[in-house]
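Based on what follows, work out the 3D shape:
(one chain, ligands or ions: 1)
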Amino acid sequence: MTAKIISGKELSTQLRGELADEVRELKVTPSLAVILVGDDPASHSYVRGKEKACKAAGIHSIVKHHPSSLREDELLAEIDAFNEDSSVHGILVQLPLPEHISENAVIERIAVNKDVDGFHPVNVGRLLTGKKAFTPCTPLGIMKMLEISGVEPRGKRAVVVGRSQLVGRPVGQLLLNEDATVTYCHSKTKDLASVTSQADILIAAAGRAGMIGEAHVKEGAAVIDVGVNRVESTGKLTGDVQFEDVKEKAGWITPVPGGVGPMTITMLLHNTVEAARGTMFDDES
Ligand SMILES: Nc1nc(=O)c2c([nH]1)NC[C@@H]1CN(c3ccc(C(=O)N[C@@H](CCC(=O)O)C(=O)O)cc3)C=[N+]21
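Below is the predicted model:
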């Protein structure tokens with residue numbers, strides 16, 4: 001079988017166009033504050049991507065760059081100011097942060113109704129209990145890619161490789177909420193291939209270049225590659241999946257670049273529009 005390639009880039013073009021239409025209908029201009037600490041080139045490049053995408057969708061973005069010497073209390077004070085500013089609807093602090101700053105303290109400081117990353121423990125808990133919540137952008141993008149491909153999670157075996165708070169755990173939760181049978185694999189999993197090769201839906205989110213080969217994949221499976229690994233010699237981006245081999249066996253596959261990455265940004269725009277509407281928690285029970 002040769003896999004259908006799910007283009008996150010093409011889907012993003014369509015969805016961002018629809019979002020731009022929605023933005024035009026809103027009474028307010030959605031506004032996103034992005035805070036970037038330090039000078040990691042990859043982080044700077046992602047933030048530029050977010051800025052560009054906001055602009056194209058008619059979303060106002062404010063980007064704050066800080067040196068890596070920024071103190072935690074200074075960062076928390078800036079978050080407080082954005083929390084109180086009613087013209088700002090979404091707040092995103094680019095991760096990872098320098099070691100002297102507690103990521104948990106920062107994430108918990110962001111107002112729950114401005115947490116467009118969906119990392120705040122209240123949003124995480126709401127997702128777990130099946131309530132409406134801001135949902136992390138990468139997992140949301142993955143679900144959208146499955147949906148447009150006609151891959152229905154209900155009753156399927158889904159295997160998630162990677163258990164990060166940002167991607168692995170929440171995408172497993174979303175798949176479970178859609179009635180998939182979900183298994184998580186990680187660095188301590190024994191005989192990885194024996195587990196992943198049972199997956200109808202395989203999510204590769206371990207952050208290890210090329211770790212998923214043809215032997216890890218079931219014939220006809222949907223393979224979603226979340227890897228964003230930079231090849232040092234060429235500077236090119238590469239996934240966790242050996243694309244050329246796996247595409248001959250899988251039913252669906254996402255490329256890197258042009259797959260999950262653009263969808264992550266698209267879902268950030270989606271969450272920012274949702275935050276600007278301000279109705280996420282209206283049905284509070
Ligand atoms: N608070 C926070 N929220 C995040 O959502 C977040 C974060 N921190 N830290 C870093 C990761 C990584 N991330 C990516 C977003 C887009 C692409 C993307 O658009 N990639 C393009 C290529 C970009 C390139 O070539 O540099 C692609 O895959 O086609 C990649 C990675 C968001 N993250």
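
show me where the stretch 51-200 of the chain has helices.
Using DSSP state H, counting those that start in this stretch, the helices found in the stretch 51-200 of the chain span residues 72-84, 103-109, 121-128, 137-148, 168-177, 192-196.

In TSV: these, plus distance to Ile212.
In short, each C-beta sits where N, CA and C put it, glycine included. As requested, the helices of the stretch 51-200 of the chain are exported to TSV (distance: least, Cβ to Cβ, whole Å):
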stretch	distance to Ile212
helix 72-84	36
helix 103-109	27
helix 121-128	26
helix 137-148	15
helix 168-177	14
helix 192-196	7
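
List the residues that contact Val34.
Contacts here follow Cβ atoms under 8 Å, 6 or more residues apart in numbering; on that basis Val34 touches 47, 50-51, 61-64, 92-94.

wait, Asn83 sits on Glu108?
No - proximity of Asn83 to Glu108 does not meet the contact threshold set by Cβ atoms under 8 Å, at 11.8 Å.

in what helix or strand does whichever residue of the chain sits closest to the ligand lie?
Nearest residue of the chain to the ligand, counting by Cβ to the nearest ligand atom: Gly261, 2.3 Å away. Secondary structure assignment for Gly261, by DSSP states H and E: helix 260-277.

Could you check how far that helix is from the centre of its chain?
9 Å (Cα atoms, centre = their mean, to the nearest Å).

if I look at Val171, how far off is Ser69?
Distance of Val171 to Ser69, computed by Cβ to Cβ, to the nearest Å: 35 Å.

And these two? Which one has more around it.
Ranked by neighbour count (other Cβ atoms under 10 Å), Val171 and Ser69 place Val171 first, with 29 against 10.

buried stuff in the helix holding Gly261?
260-276 (16 or more other Cβ atoms under 10 Å).

now stretch 237-247
237-243, 246-247.

Mind checking which of those land in strands?
With DSSP state E as the criterion, strands contain 237-238 from among the buried residues of stretch 237-247.

filter the buried residues of stretch 237-247 by proximity to the ligand?
For the ligand, the contacts drawn from these by Cβ under 6 Å from any ligand atom are Leu237.

Including pLDDT, could the buried residues of stretch 237-247 go into TSV?
Below are the buried residues of stretch 237-247 laid out as TSV (pLDDT from 0 to 100):
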residue	pLDDT
Leu237	93
Thr238	96
Gly239	98
Asp240	98
Val241	98
Gln242	98
Phe243	98
Val246	98
Lys247	98
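
where in the stretch 151-285 of the chain is pLDDT low?
The model of the stretch 151-285 of the chain has pLDDT under 70 over residues 284-285.

rerun that using 80 as the cut-off
283-285 (pLDDT under 80).

Also the stretch 1-150 of the chain?
Across the stretch 1-150 of the chain, the ranges flagged by pLDDT under 80 are 1.

and with 90 instead?
Along the stretch 1-150 of the chain, the parts satisfying pLDDT under 90 run over 1, 41-42, 130.

Get me the contact residues on it for the ligand.
45-46, 49, 92-95, 117, 137.

what do you get if the cut-off is 8 Å, keeping everything else the same?
8-9, 42-43, 45-46, 49-50, 92-96, 117, 119, 136-138 (Cβ under 8 Å from any ligand atom).

what about Leu15, which SS state?
For Leu15, the secondary structure call by DSSP: H, G, I helix; E, B strand; the rest coil comes out as helix.

ok, it - contacts?
Leu15 neighbours (Cβ under 8 Å, 6+ apart): 144, 266, 270.

Can you give me the neighbour number for Tyr184?
17.

ok, it - contacts?
Applying Cβ under 8 Å, 6+ apart, the residues near Tyr184 are 159-160, 163, 168-169, 172.

Need the max-distance pair from these.
Using Cβ to Cβ, these span at most 13.8 Å, a distance reached by Val159 and Arg169.

With neighbour numbers in mind, choose between the two.
Val159 (27 against 20).

burial count for the residue nearest to that one when sequence neighbours are not counted?
In this structure, Val159 finds its nearest non-sequential neighbour in Ala199, 3.7 Å apart by Cβ to Cβ, 6 or more residues apart in numbering. Neighbours of Ala199 under the rule other Cβ under 10 Å: 25.
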